[in-house]
Structure formats: C-alpha cells, structure tokens
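In: Kindly return the folded structure for what I paste below:
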Amino acid sequence: MGSGQPDDRRSRDVDARDARGVQVGDNNVQHNNFGPVVRSAYLAEVRRIAPARLLSREADLARLAAFCTGDGPDAYLWWDAASGAGMTALMSWFVLHPPSGVRVVSYFVAAGRTERENRAAFVDVVLEQLVELTDGSMPAHLTRSTREAHLFGRYTEAAEACARRGERLVLVVDGIDDRRNASGVAALLPDRPVGGLRVVLATGIGWRVPADLPQHHPLQKSSGPRLLSPYVGPAEEARLRAEQAGRDDERGRREAERQRAADELRDAQRRADQWRSAEAARTTPAARLAAVRRALVFVGGWTGALVFLACLAGSWYDLRVAGILSAQIVVGGLGATLGLVPAAFRLGAAYDPAPRSPAAWFASPRVMVVRVGAALTFGCVAGAGAADYLDARHDRLLERSLGIGGALPSFGEGVAFIFLVLVALGCGLAGLHVATAAVGPWQERRRAEERAHRAATDAVAAATEQEAYAAMAADAMSVNPADRTQAYQDLLARLAGRPRRRPPR
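Out: Here you go, the predicted structure:
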C-alpha cells in the first residue's frame, strides 16, 4: 500500500503505443495522458527550393501523374539528369502539386553532408511525414539502432492507411548521387512496396545502384533510369526554335539542291543514252555508205553544174577551151571528193547537207561572193592560158605540116602546157580546200556533241562516285558489323582501282 500503486494490475497491460492519449482511472482517481500529434513542416522546405513557375515540363508532369495514379506493375520510377537540367525544380513542383488522390512523402538531399548525416536526415524527415499520414505520434525511445526499423514499418502502415482512404502513397526522393554522399539513402528505400506504394527516384547522371542492396530490391531489377531532358527557358527556346528553323531552311535548301542535282543527273543520263543511241545509228555501215553517197552526189552535182557553165561560157569562143576548162573543173571536183568523202565516211549519219544550197559550200554570203569572184577570175585566167596553149599548138602543127617545124613542142607551147597543169593542180587544191571548209561545221558540230557527251558522262560518273562514297559512309556508320566490314572492303577496292563488290544503295 505504501507504494502508491493500485492493487489491480490490469492497467499495466494496456498497449497505448499508437494512441494519441490515454485515460486511466480507478477508485475515483483518473489519470489523463496525451501524446503529441505529429505535423510535418517539411513542405516549407520544399516550397523554399521549388520554382515560382514551372515551364516546359508538361510532358514530364504527365508521365509522373500517370505513374503515380496508374496500375502498372512497376513500383519504382527512376530518373536521372545532368547538373542544371532542372530535376529538383520538377520534383519539388510535383510534390507541391500532386495529382488528385495522391499523398506525397518527399525528401530532397542537401549538399554538404556526410553519408551518415544523409541517412539520419532521411530517416528523420521521412519518418515524421509517414507518422503524420497514420495520425499517430512518434515512437517513443527511438535509438540509432531502431530508427530504420521503425521507418520500414511505417512505410507499410502509411501505405495501407492511404489505401483505406482511397488514396495512394508516393515517396519522392531527389538528389541521390555520389557527389552528395547520398548513395546510402538507397538502402532506406522500401524493398517490398505494399498497399500500392510508388517510389519516384531522381538521381544524378551516372549514379549506380549500390552493390549491397538485396537482390530482390526493385532497383536491382530495374532496366535503368530515364534521362530527363535539360530545362529550356523561353529565351533559349526561342533561340533553339530559330536555330531549328535555320536548320530546316538549310535542310530544305540542301534538299532542293539534291533534287536539282538529281534532275541534272537524270538529264545528263538521258543525254548520254541519246548520244549512245545516236552514235550506234551513226556508225552503222549503211549510215556511212549513205553519207558517202550524199558526198559524191554533192560533189558530182556541183561539178557537173560548173562544167555546164564552162561549156556555155567557152562555146562562143572555142569548144576546145571549154573542154580544157571542164577538165580543170573535174580535177577540182576530184580534189573536193578527196576532202569530202573520207570526212563524210567518218561522220556517217551526222553528215546530211542540202546539196542544192550554196550555204553547204560557203559559210556566209560574203565568203560566197569572194570565192565566186575568185573562181571567175581564175576561170578567165585559165581560159586565157588554154587559148594560148591551143594557139601555140596550132602554130606548131601548122609549121610541121609545112615542113618548117620540128616534132617537139615550142617553148611557148611548153610554157602554156605547164601553166595549164599548174591551173589544174590549183583547181584540185581549191576543191580540196572548199570541201574541207564545207565539211568543217559538221565536224565542229560533231566535236561539240562529243564534248557534251563527255561532260554528261563525267557528271554521271561523278554523281555515281559521290553516291558510292555516301553509301560507304553510311555503311561505315552502321550498327551492323557486316556493313562496316563491307564499307572497309569497298574503300580498299577503290584505293586499289578495283570496282565495288556491290552496287551503291
């Protein structure tokens, strides 16, 4: 009795560890004991680090909301980001603005702490928030050895309490990386989430899961983090849009140039094909014989016309003079034949003059007037020489018939004969020159076509070569080892002067 304790010891068996208050009494004596109700103030710290406005993160917030409210099999969402990417801003905004039906417990790792300090701070902050969700009080007599065990127990209790209220518990942890000595916090994350518990983990880029985590831990089975894209402000976004617009314009310009080059290549290929077809038709034996026939008709027609004119011109004086002039014109025709027929044979179907047109012989009217004048002068001189020769021969024959002359020609007759021979050679050279000048435009046109064909062929070859090297470059950058090996072999083949082992793609 002197101890002051009641004789009835039933009051000592009451479990009041999770009660907000205890009322005990007997024999009109009542004892009221009330434990403190836990209210976490950690959101004030979150508001201090959260941005006033979150920009350009709608897609990331939607992904977070879908994960926290969805029924997927994954209990962990792991994101990593480089320094300055805006991960803390995103997570703090999400903690302050969670989706409907989601209760968030959060912890943001602070810099400047040791590994032990970070673990202790995580337990203090998260445990306080979990106790608040269970409407209980902090466990009494917490020690360094029991704190983490109470934390794991409260994970389950808080998740089940939220589930009974139709809510979902989400644990958000940001800032785990080796620079902040926070890798040990990963060991305090729930390894067997129950009650629909979701964990959103934000780490620094390159952070690795600690090797001492249990093999059944969700982080050990994770396929890896999702990289958070860096934050882009309005000014930077405008600059990037301008750069993208410039790249699009440049891409459009290159595409237009590529299309133009492709059109030019097709046109060059078409011209090359036409050239090859025309070349095949031009060089057939029938085409060459037809060209020779046209040249002979051409020369024969104009030679006959000139002979007819010479006969008309010489008939009023002496038909023998007309005969000598005609013979000299025929020699000129033979010279024209020697100059025209071989060229016509080489040109083949490409030689197709108009025999009746003087333009086939003369490049311009001025040239025609000069040459016709020279021909008339030459004809007059040749006619005079022929008349002198006939007169000298007539005198020699007359003297011989009278017995006063010898059988040998006289000096005047010999000079006149040599002059006629020189005139005939001149006619032959003149015919050769006129024929060469007449066929020159056809040969020049042919050479121009050949140059155009070579240019088209070179363009096709250059484009094909560029396409081949582009294909080799694409193969060299391919993820397929066989393509890279083929590109190396093709490059060696080109350096050695051998053709590609396969056509370009």
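
In: now for the longest strand along the chain, which elements pack on it?
Out: As assigned by DSSP state E, the longest strand anywhere in the chain is strand 168-176. Packing contacts for strand 168-176, counted by 3 or more CB pairs under 8 Å, 6 or more residues apart in numbering; DSSP states H and E, involve helix 58-69, helix 87-96, strand 102-108, helix 115-133, helix 147-164, strand 198-204. To be clear about C-beta, it is placed using only N, CA and C from the backbone, and glycine gets the same treatment.

In: ok, 10 Å please
Out: Judged by 3 or more CB pairs under 10 Å, 6 or more residues apart in numbering; DSSP states H and E, the packing partners of strand 168-176 are helix 42-49, helix 58-69, strand 76-81, helix 87-96, strand 102-108, helix 115-133, helix 147-164, strand 198-204.

In: Which one of these lies nearest to Ala287?
Out: helix 58-69 (72.4 Å; CB to CB).

In: what angle do the closest one and helix 87-96 make?
Out: Interaxial angle, helix 58-69 versus helix 87-96 (axes from the mean of the first three to the mean of the last three CA atoms, to 10 degrees): 50 degrees.

In: Let me see the contact set for Cys68.
Out: 77, 94, 98-99, 101-104, 168-170, 172, 196, 198, 200 (CB atoms under 10 Å, 6 or more residues apart in numbering).

In: try 8 Å this time
Out: The contact partners of Cys68, taken as CB atoms under 8 Å, 6 or more residues apart in numbering, are 98-99, 102, 168, 170, 198, 200.

In: So which of those residues wins on neighbours?
Out: Val170 (26 neighbours; other CB atoms under 10 Å).

In: Helices of the stretch 201-350 of the chain, start to end?
Out: 218-221, 234-282, 285-315, 319-347 (DSSP state H, counting those that start in this stretch).

In: and those, which is most packed in?
Out: helix 319-347 (a mean of 21; mean count of other CB atoms under 10 Å).

In: for it, packing partners?
Out: By 3+ CB pairs under 8 Å, 6+ apart, helix 319-347 packs against helix 285-315, helix 365-402, helix 411-476.

In: Would you single out the least confident of the ones you listed?
Out: Out of the helices and strands packed on helix 319-347, helix 365-402 stands lowest, with a mean of 66 (criterion: mean pLDDT).

In: The helices and strands packed on strand 168-176: which one's closest to Glu444?
Out: Closest of the helices and strands packed on strand 168-176 to Glu444 is helix 58-69, at 69.5 Å (criterion: CB to CB).

In: Now do that closest one and strand 102-108, the angle between them.
Out: 110 degrees.

In: which stretch among the helices and strands packed on strand 168-176 comes nearest Ala272?
Out: Here helix 58-69 is closest among these (CB to CB), at 53.3 Å.

In: Sort out which residues of the closest one are buried, please.
Out: Going by neighbour count (16 or more other CB atoms under 10 Å), the buried part of helix 58-69 is 60, 64-65, 67-68.

In: Please convert these to a markdown table, extending it with pLDDT.
Out: Putting the buried residues of helix 58-69 into a markdown table (pLDDT from 0 to 100) gives the following:
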| residue | pLDDT |
| --- | --- |
| Asp60 | 89 |
| Leu64 | 92 |
| Ala65 | 93 |
| Phe67 | 92 |
| Cys68 | 92 |
